[in-house]
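Chemist: got a sequence here, can you build the structure:
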Amino acid sequence: MKNLVIVESPTKAKTIKGFLDKNYQVESSFGHIRDLPKSKLGIDVDNNFELSYEVPAKALKIVKKLKKIAKKAETIYFATDEDREGEAISWHLKILLNASDKKSKRIVFHEITKKAILEAINNPRELNIDLVDAQQARRALDRLVGYKLSPLLWKKVARGLSAGRVQSVAVRLIVEREEEIRKFKPEEYWTVEGLANKGEEFKIHLHSQDNKKLAKFDLKEKEAQKAVAEIKKTDLIVNKITAREQKKSPLPPFITSTLQQDANRRFGYSTKQTMMLAQQLYEGLNIGEKGNTGLITYMRTDSYSLSNTFIEEATKYIENKLGKEYIEKGRVFKKKSKTAQEAHEAIRPTEANNDPETIAQYLDPKQLKVYTLIWQRSLASQMAQSITEATSINIEAKNTIWSLRASGSVMVFLGWQAIYPSKKEDNILPELNEGDKLKLNKLEALQHFTTPPARYSEAGLVKAMEELEIGRPSTYAPTIATIIARKYVEKKEKRLAPTEIGEIVNNLLKKHFKDIVDYNFTAALEDDLDKVAIGKEKWQPLLNNFYKPFIKNIKMKEKELDKKEITEEKTDEICDKCQSAMIIKLGRFGKFLACSNYPDCKNTKPLGNDGKIEEPEEVKEKCPKCSSTMIMKQGRFGKFLACSNYPDCKTTQNINKSLGVKCPQCQKGNIVEKRTRAGKIFYACDTYPDCEHALWSKPTGDYCPECKQLLLHAAQDKIKCESCNFIK
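Modeler: Next comes the predicted model:
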């Protein structure tokens, strides 16, 4: 009779199967096999918040299969992830399979390697009901907010809207950043910058006036121009050289949030994409002779700890590759937060010797990028400080009130940067001595304006949520994905901007449901959930404390709020069909103009971004079905063509925005901007289906100097080739 090992992922099952002998049968539950019902609340709020679970239709077949195997199994090992979600999956499985305490065992591991799996089987534990309760509490809280607040939004704002506990706070962050940008007033300031030469050219800038350091706004245009004119007429003399040693320690190994942030900044990966790639590396890939094995430890963690075994491996690798002077023994990074207890290690490679060069052939390019990042950061954390010599050179403009400065640094010892190089560019200075005369190559007064705060990137939003203690490692990626999917937020130039409906819903929640979008309240709830996870609080009282004032407010607002006051605005426009007054109404995808005589008159008109009416624009094309004139209309994804004979003819066509770039594949069509059904922008040849050339990144219009293919806009304002490895 075989022992049964149950995990939540088929890939994980395949990897673990390779480590165990024929006495073990490894099966996957394919994620959650029990959940709250979709069609009803599933929470008995009058009976101590008892939860009603059911097996979703898609899981019925797998549950039936697992029950059949479990009956014959001698021992059942529940081997799901060691976090709240994983613990809950094991708990649900144990109940559904009717597994006795004697027959069932819970095993946990932080990496999917043979050593870790065998060690886990030899050291089983009981289910941690505190973790299960914390997961149940979070699930119930989110369900209560979603199922009680969303219907109110449907009634009082627009159909199809929904609210989420953590998602609503994330939207608030994005909306408030947008408000900051709108209110921002740029301020002018001036700098004087140039190039000097003494054998080699280097950068210089104006530093002081009358021996007083210039602050950002001290220099006005006239003074800047005056400084340039006076400095150009005189000699530049080096009057002081200051050099000091700077030591820089490595960053700690990755936790979930910092991995998401770094992958977003370096590669432009979304949080969802980063976690998907990390999951693949964790669950196991085939790496030749070793077969399927996990390449990194568990990727949902907020702990900086590293195992002693890995530290020893990393130290040995560094010593062999670089030398003893690159090792820093005994470095310990403190926990990221007081709640960092669910996962006991940071994200690291399962083996230090699996360097990126060794396993590159087994990974696809995206997997390799994420793995390389994790490997470099983990090993660098155990290395010696880097040492640079920072040099400041004071330059006197003879017989003037002006002094200039040149700053630069020279790397003395790479330390950890030998493995995880910094991207900082330094001003390389030539060898100079006090009294040296410099040649002025260039000097100019430059006008600048202060810039508003940038919209959040996904990395920036994760960082802000982490600092406010909103959400936890497992929630960052799904939160961002959800608010984009719900159309409360959209991506503009790879940054997050609120949609009109997102701003309206946020303002409504801030005014009438302050707690739901309050940063401190949400952080306190997360803290309470953490207390449940470690057995310091019970989950039902937590739900009760939240639900009573919440539902009382919902009932009050159902009576108080008037949909017309929220979603309608009077205008001076008159309906051109029935002569009634036109009003601005709010739909699921924004504002539009509608006849107040609805439903007798269904006349509507689109509003532009400036709030003005966009009259339908006739175009040369004729309707392919009825030969009527086609007109330009505005929809949820932008402009499109529609038949003017609507509603008798409902023909529509997409408008493809041309980029003025010739298709490099067919040399006949042009590259145009298109949208997927989900609204995601991509770029493709306008001769489709004859030519199927398509790109996810926007072409620049230039061509690669190496392979002559299109150059594309990439992350961090870089340009990359669509075909080869060229990047600039």
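Chemist: for the rest of this, base every contact and every neighbour count on C-alpha atoms.
Modeler: Noted.
Chemist: neighbours around residue 440, how many?
Modeler: 18 (other Cα atoms under 10 Å).
Chemist: helix or strand for it, which one?
Modeler: Residue 440 belongs to strand 437-449 when assigned by DSSP states H and E.
Chemist: name every strand pairing with that strand and say which way it goes.
Modeler: Sheet pairing for strand 437-449, assigned by DSSP bridges, gives strand 188-198 (antiparallel), strand 236-248 (antiparallel).
Chemist: JSON lines for those, including mean neighbour count?
Modeler: Below are the strands paired with strand 437-449 laid out as JSON lines (neighbours: other Cα atoms under 10 Å):
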{"stretch": "strand 188-198", "mean neighbour count": "18"}
{"stretch": "strand 236-248", "mean neighbour count": "15"}
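Chemist: before we move on, the earlier item: show me how far the strand holding residue 440 is from its chain's centre.
Modeler: Distance of strand 437-449 from the chain centroid (Cα atoms, centre = their mean, to the nearest Å) equals 40 Å.
Chemist: average pLDDT across it?
Modeler: Across strand 437-449, the average pLDDT comes to 95.
Chemist: cool, and stretch 527-546?
Modeler: pLDDT averaged over stretch 527-546 gives 94.
Chemist: re earlier: of all the strands paired with strand 437-449, which one comes closest to residue 292?
Modeler: Residue 292 lies closest to strand 236-248 among the strands paired with strand 437-449, at 38.0 Å (Cα to Cα).
Chemist: before we move on, back to that, export the strands paired with strand 437-449 to CSV and tack on distance to residue 567 and mean pLDDT?
Modeler: Compiled in CSV, those are given as follows (distance: least, Cα to Cα, whole Å; pLDDT from 0 to 100):
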stretch, distance to residue 567, mean pLDDT
strand 188-198, 40, 95
strand 236-248, 55, 94
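Chemist: what about residue 405, which helix or strand?
Modeler: For residue 405, the host element (DSSP H and E) is strand 402-413.
Chemist: just how off-centre is that strand within its chain?
Modeler: 36 Å.
Chemist: by mean pLDDT, point me to the weakest helix or strand of this protein.
Modeler: Between all helices and strands in the chain, the lowest mean by mean pLDDT, DSSP states H and E belongs to strand 617-622, at a mean of 72.
Chemist: rounded mean pLDDT for the helix or strand following that strand, please.
Modeler: Counting by DSSP H and E, the element after strand 617-622 in chain order, helix or strand, is strand 629-635. The average pLDDT within strand 629-635 is 75.
Chemist: buried residues in strand 629-635?
Modeler: Neighbour counts over strand 629-635 (16 or more other Cα atoms under 10 Å) mark 629-634 as buried.
Chemist: and what of stretch 123-137?
Modeler: So, applying 16+ other Cα under 10 Å, buried residues of stretch 123-137: 124, 127-137.
Chemist: list just the nearest of these to residue 682.
Modeler: The closest of these, once distances to residue 682 are taken by Cα to Cα, is residue 135, at 38.0 Å.
Chemist: any idea how far residue 129 is from that closest one?
Modeler: 10 Å (Cα to Cα, to the nearest Å).
Chemist: and for residue 358?
Modeler: Taking Cα to Cα, one finds residue 358 at 42 Å from residue 129.
Chemist: which stretches of the stretch 551-700 of the chain have low pLDDT?
Modeler: 588-589, 609-611, 614-618, 634-639, 656, 677-679 (pLDDT under 70).
Chemist: what are the ranges of the helices in it?
Modeler: Under the criterion DSSP state H, counting those that start in this stretch, the stretch 551-700 of the chain contains helices at 563-567.
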